[in-house]
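Peer 1: Fold the following and give me the result.
(one chain, ligands or ions: 1)
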Amino acid sequence: MIDNNYDLIIIGGGSGGISIAREATKLGKKVCIIEQSLIGGTCVNLGCIPKKIMWLASMVFNNCINASKYGIQINSYELNWTDLITSRQEYINGIHEHYCSQFQELGIMIINGSAKFFGNDSIKVNNQIYHGKDIVIATGSKPNIPNIIGKELGITSDDFFNLDKQPKDLIIVGGGYIGVELACILNYLGCKVTLVIRKDVILSSFDKETSLKLQENMERNNILIYKNTEVSSLNKDGEYIKVHLKGESQAIHASVVLWAVGRDPNLENLDLEKAKVSIDNKGFIKIDEYQKTSNANIYAVGDVTDRAALTPVAVKAGNYLARYLSKKEKFPFKLDNVPSVIFAHPPFASVGINEEQARQQGKSIEVYKNEFMSIGAKLEKSQIKSFIKLIVCKETGQVLGCHILGNGADEAIQGFSIAIDLGLTMDELKKSVPIHPTFAEELVLI
Ligand SMILES: Cc1cc2nc3c(=O)[nH]c(=O)nc-3n(C[C@H](O)[C@H](O)[C@H](O)COP(=O)(O)OP(=O)(O)OC[C@H]3O[C@@H](n4cnc5c(N)ncnc54)[C@H](O)[C@@H]3O)c2cc1C
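Peer 2: Model (predicted):
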């Protein structure tokens with residue numbers, strides 16, 4: 001007879017679910033993960049990893065274009081989309097294999113199917129009932145699609161990663177990080193890209209001035225940006241899709257339209273009411289500072305909660321929860337200074353508070369900034385400008401925020417994130433010896 005009783009049932013085998021499963025198993029719990037699609041979730045299959053591979057490919061393609069500026073003659077190069085997707089998939093398959101062998105080694109049971117609550121402590125999958133002393137909801141999020149006429153003509157980021165041929169031209173709707181990253185990647189890969197944003201500047205939750213500097217670089221790279229507007233409807237026009245914009249008399253058109261207008265928590269078909277799990281006013285699962293829901297034995301981690309929707313945040317919450325449930329941790333889960341990177345061209349990295357947040361919080365601050373052209377940009381005559389900005393507390397000299405835009409920013413931010421976490425002051429930063437010639441040296445020379 002099969003034993004369907006577990007210490008811990010985890011719904012969702014993405015970044016959050018896997019991290020809690022691994023840690024809890026190491027701490028002696030009997031664990032199963034229920035996954036309705038591919039193990040690894042959004043990050044591995046439809047997010048960070050395939051996106052980063054496309055970003056790397058777009059850099060290589062752009063380097064081929066600029067090779068002659070460095071005296072390198074490349075007689076012919078072209079993008080073979082199918083080969084790129086095959087390489088990308090091989091890499092992702094490797095991650096799947098690694099997970100499978102690790103789960104086997106640790107004794108984590110994987111159940112394929114869609115989970116729904118059957119009761120307070122039980123889950124139904126494929127007509128089987130499973131009981132858990134504790135249950136974790138780690139079902140992530142899904143792309144939002146606006147409810148307008150013709151919405152079905154657009155694709156989402158999930159569909160983008162399944163495209164079997166390169167779009168020659170496309171319109172991306174949404175100025176959040178997914179829209180911006182895909183716009184930059186496809187632009188460097190040679191597509192004609194138009195971006196439609198609701199506000200005057202992309203990336204509304206980031207430092208506005210740095211976001212504007214990125215936006216100007218995107219425009220220098222010939223991405224056409226329609227600002228302060230929204231899509232009112234779509235319709236098919238021969239091989240094109242026509243996009244009607246509020247306040248614009250002429251429709252714009254492209255062969256592909258991509259919705260990048262936010263993501264919603266993935267709660268579909270979970271039957272949460274059977275487990276008496278509440279959601280908050282934004283539709284996320286309501287949790288306390290220990291990741292606990294309104295049901296004392298049910299927890300939630302990752303994008304299904306209102307914490308920053310980033311893989312490392314889901315992973316840290318998962319690790320914390322495993323330790324908390326094993327009584328190895330008794331303090332609330334807290335994350336300060338979450339760094340993030342927009343894999344644009346050039347990349348934009350950020351940690352700590354931005355200028356708008358500092359002013360809203362009534363902090364007395366000094367702002368240090370510098371705009372410059374890198375050696376590469378000058379050689380390539382690309383007009384791309386790098387920008388760095390530090391938000392510093394006037395009284396203590398403590399660095400409260402770091403916002404950097406330029407090639408190398410994606411890697412440089414990790415060290416600054418540690419330093420800011422440790423309470424770095426401007427005097428300490430200035431004592432540091434620069435590494436020359438690099439992008440990051442500008443931060444200590446500021
Ligand atoms: C295009 C894109 C790019 C991104 N880039 C980055 C990046 O560069 N860096 C970064 O840190 N983050 C990035 N993210 C965000 C990151 O992917 C998420 O924050 C992370 O995957 C969240 O992990 P999670 O475990 O909460 O959810 P997910 O990884 O989404 O996992 C949830 C899993 O639950 C499963 N599931 C849902 N409902 C059920 C059910 N009822 N039964 C069984 N299984 C179910 C789903 O199939 C899924 O596999 C990106 C996201 C996107 C979309």
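
Peer 1: going forward, measure contacts and count neighbours with C-alpha atoms only.
Peer 2: Fine.

Peer 1: low-confidence ranges in the stretch 1-150 of the chain?
Peer 2: Low-confidence segments of the stretch 1-150 of the chain (pLDDT under 70): 1-2.

Peer 1: Return the residues of it in contact with the ligand.
Peer 2: Residues of the stretch 1-150 of the chain lying close to the ligand (CA under 6 Å from any ligand atom) are 11-17, 34-39, 41-43, 47-48, 51, 113-116, 138-141.

Peer 1: Could you give the number of residues near residue 328?
Peer 2: As a burial measure, residue 328 scores 12 neighbours (other CA atoms under 10 Å).

Peer 1: List the contacts of residue 424.
Peer 2: By CA atoms under 8 Å, 6 or more residues apart in numbering, residue 424 lies in contact with 398, 399.

Peer 1: For it, give its distance to the ligand.
Peer 2: Distance, residue 424 to the ligand, using CA to the nearest ligand atom, to the nearest Å: 24 Å.

Peer 1: Give the other helices and strands that whichever strand in the chain runs longest contacts.
Peer 2: In the chain, taking DSSP state E as the definition, the longest strand is strand 128-137. Strand 128-137 sits against strand 5-11, strand 122-125, strand 298-300, with contacts defined as 3 or more CA pairs under 8 Å, 6 or more residues apart in numbering; DSSP states H and E.

Peer 1: buried residues in stretch 19-34?
Peer 2: 19-25, 29-34 (16 or more other CA atoms under 10 Å).

Peer 1: Just name the closest of the residues you listed to the ligand, please.
Peer 2: Nearest to the ligand among those, counting by CA to the nearest ligand atom, is residue 34 at 5.0 Å.

Peer 1: Direction included, what does the helix or strand harbouring that closest one pair against?
Peer 2: Using DSSP states H and E, residue 34 maps to strand 31-35. Strand pairing for strand 31-35, using DSSP bridges, gives strand 5-11 (parallel), strand 109-112 (parallel).

Peer 1: what's the following helix or strand after the first one?
Peer 2: On the C-terminal side of strand 5-11, the closest following helix or strand by DSSP H and E is helix 15-26.

Peer 1: Next: the last one.
Peer 2: Proceeding N to C from strand 109-112, the next assigned helix or strand is strand 116-119, under DSSP H and E.

Peer 1: Please name every helix or strand in contact with that following strand.
Peer 2: With contacts taken as 3+ CA pairs under 8 Å, 6+ apart, strand 116-119 sits against strand 122-125.

Peer 1: Distance from the strand it packs on to the middle of the chain?
Peer 2: Remark: strand 122-125 is offset 30 Å from the chain centroid, using CA atoms, centre = their mean, to the nearest Å.

Peer 1: returning to that earlier point: indicate which one of the strands paired with strand 31-35 is closest to residue 246.
Peer 2: Among the strands paired with strand 31-35, the nearest to residue 246 by CA to CA is strand 5-11 (40.7 Å).

Peer 1: what comes into contact with the closest one?
Peer 2: With contact meaning CA under 8 Å, 6+ apart, strand 5-11 is reached by 17, 21, 29-35, 115, 130-139.

Peer 1: Same question for stretch 328-339.
Peer 2: If you take CA under 8 Å, 6+ apart as the criterion, stretch 328-339 is touched by 289-291, 313, 317, 320, 323-324, 349-353, 413-414, 417, 420-421.

Peer 1: in it, what counts as buried?
Peer 2: residue 339.

Peer 1: Can you measure across that stretch, start residue to end residue?
Peer 2: End-to-end distance of stretch 328-339 (CA to CA, to the nearest Å): 26 Å.

Peer 1: hmm, that stretch in reach of the ligand?
Peer 2: No. Stretch 328-339 lies out of reach of the ligand by CA under 6 Å from any ligand atom, never closer than 9.2 Å.

Peer 1: Buried ones among the contacts of stretch 328-339?
Peer 2: Neighbour counting over the contacts of stretch 328-339 (16+ other CA under 10 Å) leaves 290-291, 313, 317, 320, 323-324, 349-353, 413-414, 417, 420-421 as the buried ones.
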